[in-house]
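>>> Prediction below, plus the sequence it came from.
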Amino acid sequence: MEEFARAVGLSRPTVSKFFHDPMSVRPKTRARIEAVLQKSGFRPNLFAVNLNRRRSKIIGLIIPDPTDPFYMTLAQRVETEATDAGYLALVLSSNGRPEIEARAIETITALNVAGALIAPLGETSHHARLKSLARETPLIFVDAPLDEDGPFVGTNNHQTIPLITEYLCRSGEPPTYLEMPRTNRNSSDRRAAYTATMERLGLQPRYAGLSPSDWDFEKVAFEETARILREGGFATRTVLCPNDRMALGVMAAMYEAGLKVGYGPDCDYRVAGHDNQRFSAYTSPPLTTVAQDCDEMGRVAVRMLLDHIAGDGAAAGDRILLTGALVLRKSA
C-alpha cells in the first residue's frame, strides 16, 4: 500500500480511504488512482486488511453440507446480504463431521471475524467450543438451534409439520412418518410436531424406518424404503418425509419396486416432503411439500448478526421462527 501510494503520488490515508469507499474521494483523485490501478494491477490484501483491524469486516458461516440445496441457497443469501452491508462472507463446511466443525470454528476464530452464523450438527457438535466462541464473538445459530439457549433463526417446525400433516389427513389416508436421521435438532422437533398433530386429530401416529446419524438422506431413505417394501410395505398408503431429500430416496425406491407415486385411484402411494428445495418441482411426479423461506432466513440472520456486532440486539434468548407455506403438486 505504501509503494502504491508513492506510485500514485498521494498519501497513504487517501489511498486507503479510496479502497474502503471509492466514492469517498474526489472524482479527480478517484480517476488518478483508478488509472494507476489499471496500469499496475495492484489490489490490497483483503485478509491482511481485515486482520489488521480491531474487528474485521468478515462474517463466518459454517454449514453441515455444502452439496445440500437448502444450505447452498442459504449461503448465497448470506453472501449477498453480507456484501451489501460491506462485509465478506467466509463460508466453511463441517461435512457432517464434528471434528471438521471444530476446525471450522478454530478457523473463523483465528481470522478475527466480526461475527458468525452457524448451522450446527447438533448432538455431535462440540458444544463447549461453540459456547466459548459465543462468549468472544457475536454468534447466531441458523436452521437448527444448538440447544435451548443462544440467538437463533429457523423454521417453525410446529407450524410447518402440522400444515402438511393436516392436509394429508384431509385429502386421503393419514401419513406414516419416515424417521429422519439423527442429525440436528430438526430431527426430533419435526417428529414431535407430527406426533402432536396426529394425536390432536384423534389419529394414531405411525412411524417407519430407522434413524442413523447420517447426512446422506437420499441413500438412507432409499435403503429403508426398499427394506420396508420387501417386508410388506408402509402402514398407510401415504408417506410423510421430514425433508425433500428423503422424499427423493423414497420415490426412487418405489419406482424400482414398480410402484406408482401420485394422487389418484391408479396410484400405489402418496409421498410428501418438507423444505421445497430446488429440485422438488422437477421430481417425477413433482413433490408436494412445505416451503421454507430460505432467503428470508438468511436475510433475517444477517440482520440480527449485524445488530449483535453493533451491540444493538441479539440477546441470548432471541429466537425468530419463520412460517412455511403448503406447496401442492402431483405426488400427493
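Received the coordinates, thanks.
>>> show me the contacts for the residue sitting nearest the centre point of the chain.
Residue closest to the mean C-alpha point of the chain, counted by C-alpha atoms, centre = their mean, is Tyr71 at 3.9 Å. The contact partners of Tyr71, taken as C-beta atoms under 8 Å, 6 or more residues apart in numbering, are Ile63, Pro64, Asp65, Ala119, Asp143. The C-beta positions use only the backbone N, C-alpha and C, and glycine is treated the same way.
>>> Tell me, how many residues neighbour Ala119?
28 (other C-beta atoms under 10 Å).
>>> same deal with Tyr255?
The tally of other residues near Tyr255 (other C-beta under 10 Å) stands at 12.
>>> Now the phi/psi pair for the closest residue to it other than its chain neighbours, please.
Taking C-beta to C-beta, 6 or more residues apart in numbering, and ignoring the residues beside it in sequence, Tyr255 has Val261 as its nearest neighbour in space, at 7.6 Å. When quoted as degrees, to the nearest 10, the phi and psi of Val261 stand at phi -100, psi 130.
>>> ditto for the one 3 residues further on
The main-chain torsion angles of Gly264 are listed as degrees, to the nearest 10 and equal phi 160, psi 160.
>>> how close does it sit to Asp244?
21 Å (C-beta to C-beta, to the nearest Å).
>>> And those two? Which one has more around it.
Neighbour totals were compared for Gly264 and Asp244, and Asp244 leads with 25 against 8 (other C-beta under 10 Å).
>>> so that one makes contact with Val271?
No. Checked against C-beta atoms under 8 Å, the pair Asp244 and Val271 is beyond contact range at 10.2 Å.
>>> Pull up the overlap in contacts between these two.
Contact with both Asp244 and Val271 is made by residues Leu287, according to C-beta under 8 Å, 6+ apart.
>>> right, and the helix or strand after the helix or strand bottoming out on mean pLDDT in the chain?
Evaluated with mean pLDDT, DSSP states H and E, the helix-and-strand set of the chain has its lowest mean pLDDT in helix 46-51, which scores a mean of 58. Sequence-wise, the next helix or strand beyond helix 46-51 is strand 58-63, with elements assigned using DSSP states H and E.
>>> Any idea how far that following strand is from the middle of the chain?
Between the mean C-alpha location of strand 58-63 and the chain-wide mean there is a distance of 12 Å, by C-alpha atoms, centre = their mean, to the nearest Å.
>>> So which other helices or strands are in contact with it?
When contacts are defined as 3 or more C-beta pairs under 8 Å, 6 or more residues apart in numbering; DSSP states H and E, strand 58-63 packs onto helix 69-84, strand 88-93, helix 98-110, strand 115-118.
>>> Leu287: which of the ones you listed is closest?
The minimum distance between Leu287 and the helices and strands packed on strand 58-63 falls on helix 69-84, with 12.6 Å, by C-beta to C-beta.
>>> what angle do the closest one and strand 58-63 make?
Angle of helix 69-84 versus strand 58-63, following axes from the mean of the first three to the mean of the last three C-alpha atoms, to 10 degrees, is 180 degrees.
>>> For the host helix or strand of Glu224, which outside residues touch it?
Assessed by DSSP H and E, Glu224 sits inside helix 217-230. Contact partners of helix 217-230, identified using C-beta under 8 Å, 6+ apart, comprise 178-181, 208-210, 212, 214, 234, 239, 241, 243, 245-250, 252-254, 256-257, 259.
>>> Could you do stretch 86-103 as well?
When contacts are taken as C-beta under 8 Å, 6+ apart, the neighbours of stretch 86-103 outside the stretch itself are 46, 50, 57-66, 75, 78-79, 82-83, 104, 107-108, 111, 113-114, 120-121, 124-126, 129, 183, 214-215.
>>> Of those residues, grab the buried ones for ChimeraX.
Provided next is the ChimeraX selection string for whichever of the contacts of stretch 86-103 are buried by 16 or more other C-beta atoms under 10 Å:
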select :50,57,58,59,60,61,62,63,64,65,75,78,79,82,104,108,111,113,114,120,121,124,125,126,183,215
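>>> shaky segments in the chain?
Under the criterion pLDDT under 70, the flagged ranges of the chain are 44-55, 312-317.
>>> domains for it, by residue range?
According to the domain assignment given by automatic domain parsing, the chain is divided into the following structural domains: 2-44, 54-155+296-322, 157-291.
>>> Please tabulate these in TSV and include distance to Lys330 as additional columns.
Below are the domains of the chain laid out as TSV (distance: least, C-beta to C-beta, whole Å):
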stretch	distance to Lys330
domain 2-44	51
domain 54-155+296-322	20
domain 157-291	4
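>>> mind checking which of the ones you listed is nearest Leu328?
Distances from Leu328 to each of the domains of the chain were compared using C-beta to C-beta; the shortest belongs to domain 157-291, at 5.5 Å.
>>> So which residues of this structure form strands?
Chain-ordered strands for the chain, with DSSP state E as the definition, fall at 58-63, 88-93, 115-118, 139-142, 152-155, 176-178, 207-208, 238-240, 270-272, 289-291, 319-322, 325-327.
>>> in its sheet, what does the shortest one sit against?
Strand 207-208 has the following sheet partners, assigned by DSSP bridges: strand 176-178 (parallel).
>>> contacts for the partner strand?
Outside of strand 176-178, the residues that reach it under the criterion C-beta under 8 Å, 6+ apart are 191, 194, 205-209, 221, 224-225, 234-236, 238-242, 246, 250.
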